[in-house]
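**Q** task: produce atomic coordinates for the following.
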Amino acid sequence: MFEATGDEAKSQGWTALILDTNGNGKRDDYVEPNQPVDPTRDTRIAAAFYGVAPSPIDGTVWGSVLGFPGAIVRLNPGTNPPATALAEIYEPPTPGYSPRGMDIDRNGVVWAPLASGHLASFDRRKCKGPLNGPTATGQHCPEGWTHRPAPSSTSRRRDGPRRHDLGQPLLMRIHQEASCHARAAPARTSGMFTAASVESSTRPASRRRGRRTAGLRQTP
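**A** Here you go, the predicted model:
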């Protein structure tokens, strides 16, 4: 919208995350997170997105929620947000927990690394039960989740298995992509993290100290 109108105010907004607890398909009066669930009203959940991505399938917005067990949330803005915005929440089944950053593929499947040492995907199309109503509180679609061991999540070390390590391969890939972007384009906005700052921050501290020390030695 901003590219089309140039209007900053109209191009941003905020909404509470409301579950369609009464199952009527629209946003109604709701109870707060610290109140008992009322099957005749909707329910607000206390959640904040860590990772966020729009779906290329239907224009909904998905976000990951940290914590235990954590969750991913689907937000449908509706025709008149925020008055029509409704959310759905999906918690990863054990042994997975706490989604981190996330993205969505061209089929609308959500992908996220988990703090449990898994690479997880969630496919809403696999859900068998109702996606709204009083039972749709987060644990109603375990069949939508698939957990895969993340690279190096079970690698061996001298003192036994190393768990919960999302792996150097993932970090190396992030570093390589950041390096490519840093070489391809200069920083565009001050006060924000850029590819160049990511590259600098991910360089081992010993290398950064070594370069500074080498520079000092060259100084008369």
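**Q** who are the contact partners of the closest residue to Ala115 other than its chain neighbours?
**A** Spatial nearest neighbour of Ala115, chain neighbours left out: Ser98 (3.7 Å); criterion: CB to CB, 6 or more residues apart in numbering. Using the backbone N, CA and C atoms, a C-beta is placed for each residue, glycine as well. Going by CB atoms under 8 Å, 6 or more residues apart in numbering, Ser98 touches Leu66, Gly67, Phe68, Pro69, Gly70, Leu114, Ala115, Ser116.
**Q** which among those residues gets closest to Ala4?
**A** Leu66 (33.6 Å; CB to CB).
**Q** need the per-residue pLDDT for the closest one.
**A** For Leu66, the model assigns a pLDDT of 96.
**Q** correct me, but it touches Gly51?
**A** No - using CB atoms under 8 Å as the test, Leu66 is too far from Gly51 to be in contact (9.4 Å).
**Q** got any residues that touch both of those two?
**A** Pro99, Arg100.
**Q** correct me, but Ser116 touches Pro93?
**A** No - with contact defined as CB under 8 Å, Ser116 and Pro93 do not form a contacting pair (10.8 Å).
**Q** Leu86 and Asp20: what is the separation?
**A** The gap separating Leu86 from Asp20 is 5 Å, by CB to CB, to the nearest Å.
**Q** overlap in contacts, the two.
**A** Lys26, Arg27, Asp42, Asn132.
**Q** re the thing from before, any idea how far the residue nearest to Ala115 is from Ala47?
**A** Taken as CB to CB, the span from Ser98 to Ala47 is 13 Å.
**Q** go on, Glu8?
**A** From Glu8 to Ala47 the distance is 26 Å (CB to CB).
**Q** quick one: end-to-end distance for stretch 9-29.
**A** Stretch 9-29 has an end-to-end distance of 26 Å (criterion: CA to CA, to the nearest Å).
**Q** residues in contact with it?
**A** 1-2, 5, 30, 37-45, 47, 73, 75, 77-78, 81-89, 130, 132-134, 136-137.
**Q** tell me which of those residues fall in helices.
**A** Secondary structure defined by DSSP state H assigns Phe2, Thr5 of the contacts of stretch 9-29 to helices.
**Q** buried subset of the contacts of stretch 9-29, written for ChimeraX?
**A** A single ChimeraX command selects the buried members of those (16 or more other CB atoms under 10 Å):
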select :30,42,43,44,45,47,73,75,77,81,85,86,87,88,89,132,133,134,136
